[in-house]
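1. just to be clear, the model below is a prediction. Sequence and coordinates:
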Amino acid sequence: MTAGHSELGAAPGQKQFRGTVLTVRRVDAYYAMTVIAPGIAARFRPGQFVAVAVGGPESSMLLRRAFSIHDVRPDPGGAVEFVFAVVGPGTRWLAERRTRDVVDLAGPLGRPFPVPRDPVSCLLVGGGYGSAPLFPLAERLRERDCGVDFLLGAASADRVFGALTARRTGRTATITTEDGSMGARGVVTDVLSQVIHEARTDVIYACGPMAMLRHVTAMARRYDIPVQALVEESMACGIGVCMTCVLPVIGEDGVTRMVRSCVDGPVFRGDLVRWDDIGTIPFDALGAPGWKPRPRPRTRAGAGAGRAAAERSPKAGRPGHGR
Amino acid sequence: MAVDLRTRLAHVELPNPILTASGCAGSGRELAQFLDVAKLGGIVTKSVMVAPRAGRPTPRMAETPSGMLNSIGLQGPGIDAFLQRDLPWLLSRGARAVVSIAGGTVDEFAELAGRLSGASGVTAVEVNISCPNVEDRGQVFACDPEAAAAVIEAVRGRLRYDVPVFAKLSPDVTDIVSVAGACVAAGADGLSMINTLLGMAIDTQTMRPLLAGLTGGLSGPAIRPIAVRCIWQVHEAFPDVPIIGMGGVSTGADALELILAGAAMVSVGTAIFNDPSACIRILRELDDELATRGIDRLADVIGLAHEPGRMPGRRLSGNVI
């Protein structure tokens, strides 16, 4: 039996697409690219991202760039839009694409934002262009009759992404800039308490730099408000195989694991992420140096019993508390 | 024209020579949304260790010209979870599982081999000897022929006789042929090469190393010429030992280059990060590359570059001579 062409036929490839660029436009300090990708647009849920190959087929840049999806459009046939900043040769190449160029993108990837069942009051906090994924979320929340308030912050006015849309569509929109060029001078956490009080916030959704997410989560805990945080960890593959985008997250069983932000996230419950330990391997994380498995029961049927025992945890270790 | 792509992983026949490279495809599950894992020659799983392991801190990755540095630190769930969850999944999808194992001591490697011996459905074992030997001041097994041989002997001794053992060699040695020879003498049925090369990158803005683990393994097209050289040298010395070639393969022509140097199988690694469906594309491209050269059997071109004057595939047509 030989392996002919028919057997080597096209892969299912349901998550990888070569999409035609519709537009690349400058939005203040950022770029927004819209690509025709019906397969991604149809299945997208807010919080998910695309991983885009950069530099063309002869590129010396091997790693995909991951961007939150900012918008999906029904025409023509389905298109996705993502927002990025030019920070190096890969994003510069993307910014130089023109209408009808083709880019290779994988998506929709990652776990989306969970949305509440009840019509609660939601505060959407964005730092820089981290606000991009919050706008499709806002639409979805409004469909569920949730109140949507925005709190956007950045270094300067041209780095606040979507201020106009936030003002137009949000019940309230509060802006902070570090240089005072738009809204209040300062950072989002300076005004967070006040916004929570005024908007009677029940749930916070946040996306932005790790430091912002850490502070937002810490403040929300004081008010006992749950936070869903979308992390921007750097990734090589975006699909869960490279293991570069890990961060310490407490599991439902109370055990901390180094989990991948691409497939286990990028959206995490803020109180389960060990923000202070990002960039380290916490000593008590599963499999940390010096970590010892509990003895494996000597049973013949026990393949895996050791791990099960090691990971079974006392319910007493309430996730996220006392850290 | 249909090309016969069958190849041999020691005594085990594979339908085609394209495998995933260890550490670049997890245990196959994530890739399944991009391709049919059963269509590949096999899935080489991420190196599994005795216990769960958290790996190294982040940042773990840096992009370099035509390559990348990684410093994952063998993060993984441990052999128990692998046998309970990952291996059965691969088998349920009809994939051929080549299980990569890693350890810090000879005994750990032996224990892993023993555990795999009790599992069914292991097509072959790839022994990742590019790990620090904790009993020898962190000296990497693969950099010392004696230590490498000790690991292979222990694994071979514990594994079922019908499961081939491949030793994965590091290119970071003075003489890869002597390490290869030591592994073969110790009972390796075949050799995998090359593992990543140790590299480093420094951020000129922060003036600090880019990786939290300071050094990392360099992979990608940047290292392909080194892979070709290593495969060439080892195939020259041991023409009968099957080689799984890997190192910067991202097209069918790249795979053919390693095959011409002496590889009977080719693993695809970093290319998967760039193109999740790379393995199936490369398989298709390899088929085309052979067909356009009038070659009807992959087996005819393995190591062909070593034999000036021998041209494959056209034996029967008198008018070309």
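-> Perfect, thanks for sending it.

2. tell me what the least confident helix or strand in chain B by mean pLDDT is packed against?
-> Across the helices and strands of chain B, mean pLDDT, DSSP states H and E gives its lowest value to strand B:132-133, namely a mean of 77. Here strand B:132-133 is seen to pack against strand B:139-140 when contacts are counted using 3 or more CB pairs under 8 Å, 6 or more residues apart in numbering or on different chains; DSSP states H and E. Quick note: C-beta positions are derived from backbone N, CA and C, even for glycine.

3. state the mean pLDDT of the strand it packs on.
-> Confidence over strand B:139-140, taken as the mean pLDDT, stands at 89.

4. show me the shaky parts of the stretch 151-300 of chain A.
-> Across the stretch 151-300 of chain A, the ranges flagged by pLDDT under 70 are A:292-300.

5. ok now do B:Val48, which residues does it touch?
-> Under the criterion of CB atoms under 8 Å, 6 or more residues apart in numbering or on different chains, the contact list for B:Val48 reads B:Gly76, B:Pro77, B:Gly78, B:Ile79, B:Phe82, B:Val99, B:Ser100, B:Ile101, B:Ala102, B:Leu112.

6. which stretches of chain B form helices?
-> In chain order, chain B shows helices spanning B:79-81, B:87-92, B:106-117, B:145-158, B:176-185, B:224-237, B:252-261, B:270-274, B:278-292, with DSSP state H as the criterion.

7. and the angle from the third one to helix B:145-158?
-> What separates the directions of helix B:106-117 and helix B:145-158 is an angle of 30 degrees, with axes from the mean of the first three to the mean of the last three CA atoms, to 10 degrees.

8. quick one, domains of chain A?
-> Described in terms of automatic domain parsing, the domain architecture of chain A consists of the residue ranges A:16-109, A:121-277.

9. determine which stretch of these is the most buried.
-> For the domains of chain A, the stretch with the most neighbours on average is domain A:121-277, a mean of 21; neighbours defined as mean count of other CB atoms under 10 Å in any protein chain shown.

10. and the closest residue in space to A:Arg185 that isn't next to it in sequence, how far from chain B?
-> With CB to CB, 6 or more residues apart in numbering or on different chains as the measure, A:Thr177 is the residue that lies nearest to A:Arg185, at 6.8 Å, once sequence neighbours are left out. Separation of A:Thr177 from chain B (CB to the nearest CB, to the nearest Å): 24 Å.

11. which strand is the longest one in the chain?
-> Defaulting to chain A. When chain A is parsed with DSSP state E, its longest strand is strand A:16-27.

12. that answer is for a different chain, and I need it for chain B
-> For chain B, the longest strand by residue count, based on DSSP E, is strand B:122-128.

13. which strands and helices sit next to that strand?
-> In this structure, strand B:122-128 packs against strand B:97-101, helix B:106-117, helix B:145-158, strand B:165-168, with contacts taken as 3+ CB pairs under 8 Å, 6+ apart.

14. for the ones you listed, please prepare TSV with the additional fields distance to B:Phe34, mean neighbour count and mean pLDDT.
-> Formatted as TSV, the entries for the helices and strands packed on strand B:122-128 read as follows, by distance: least, CB to CB, whole Å; neighbours: other CB atoms under 10 Å in any protein chain shown; pLDDT from 0 to 100:
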stretch	distance to B:Phe34	mean neighbour count	mean pLDDT
strand B:97-101	18	27	97
helix B:106-117	27	20	95
helix B:145-158	32	21	96
strand B:165-168	25	28	97
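
15. please produce TSV containing the ones you listed, extended by distance to A:Ser131.
-> What follows is the helices and strands packed on strand B:122-128, written out as TSV (distance: least, CB to CB, whole Å):
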stretch	distance to A:Ser131
strand B:97-101	42
helix B:106-117	48
helix B:145-158	52
strand B:165-168	46
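
16. ends of stretch B:18-34, how far apart?
-> This stretch, stretch B:18-34, spans 16 Å end to end (CA to CA, to the nearest Å).

17. wondering if it reaches chain A at all.
-> Yes: counting by CB under 8 Å from any CB of the partner chain, chain A is contacted by stretch B:18-34 at B:Gly23, B:Cys24, B:Ala25, B:Gly26, B:Glu30, B:Leu31, B:Gln33, B:Phe34.

18. including pLDDT, could these go into JSON lines?
-> As requested, the residues of stretch B:18-34 next to chain A are arranged in JSON lines below (pLDDT from 0 to 100):
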{"residue": "B:Gly23", "pLDDT": "94"}
{"residue": "B:Cys24", "pLDDT": "94"}
{"residue": "B:Ala25", "pLDDT": "93"}
{"residue": "B:Gly26", "pLDDT": "92"}
{"residue": "B:Glu30", "pLDDT": "91"}
{"residue": "B:Leu31", "pLDDT": "93"}
{"residue": "B:Gln33", "pLDDT": "89"}
{"residue": "B:Phe34", "pLDDT": "91"}
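
19. and the furthest pair within those?
-> Of all pairs drawn from the residues of stretch B:18-34 next to chain A, the one with the largest separation by CB to CB is B:Gly23 and B:Gln33; the distance is 19.0 Å.

20. which parts of the stretch 151-300 of chain B sit against chain A?
-> Counting by CB under 8 Å from any CB, the residues of the stretch 151-300 of chain B near chain A are B:212, B:220-221, B:270-277, B:280-281, B:283-284, B:287.

21. how about a cut-off of 10 Å?
-> Neighbours of chain A within the stretch 151-300 of chain B, by CB under 10 Å from any CB of the partner chain: B:212, B:219-222, B:248, B:250-251, B:269-277, B:279-281, B:283-288, B:291, B:296-298.

22. comparing B:Gly23 and B:Gln33, which residue is more hemmed in?
-> Residue environment comparison for B:Gly23 versus B:Gln33 gives the larger neighbour count to B:Gly23, 27 against 18, counting by other CB atoms under 10 Å in any protein chain shown.

23. so what's that one closest to, chain neighbours aside?
-> On the basis of CB to CB, 6+ apart, the spatially nearest residue to B:Gly23 that is not a chain neighbour turns out to be B:Lys46, at 5.0 Å.

24. that older thread, top of the residues of stretch B:18-34 next to chain A by number of neighbours, please.
-> Ranked by neighbour count under the definition other CB under 10 Å, these are headed by B:Ala25 with 30 neighbours.

25. might one say that that residue is in contact with B:Val268?
-> Yes: under the contact definition of CB atoms under 10 Å, B:Ala25 touches B:Val268, with a separation of 8.5 Å.
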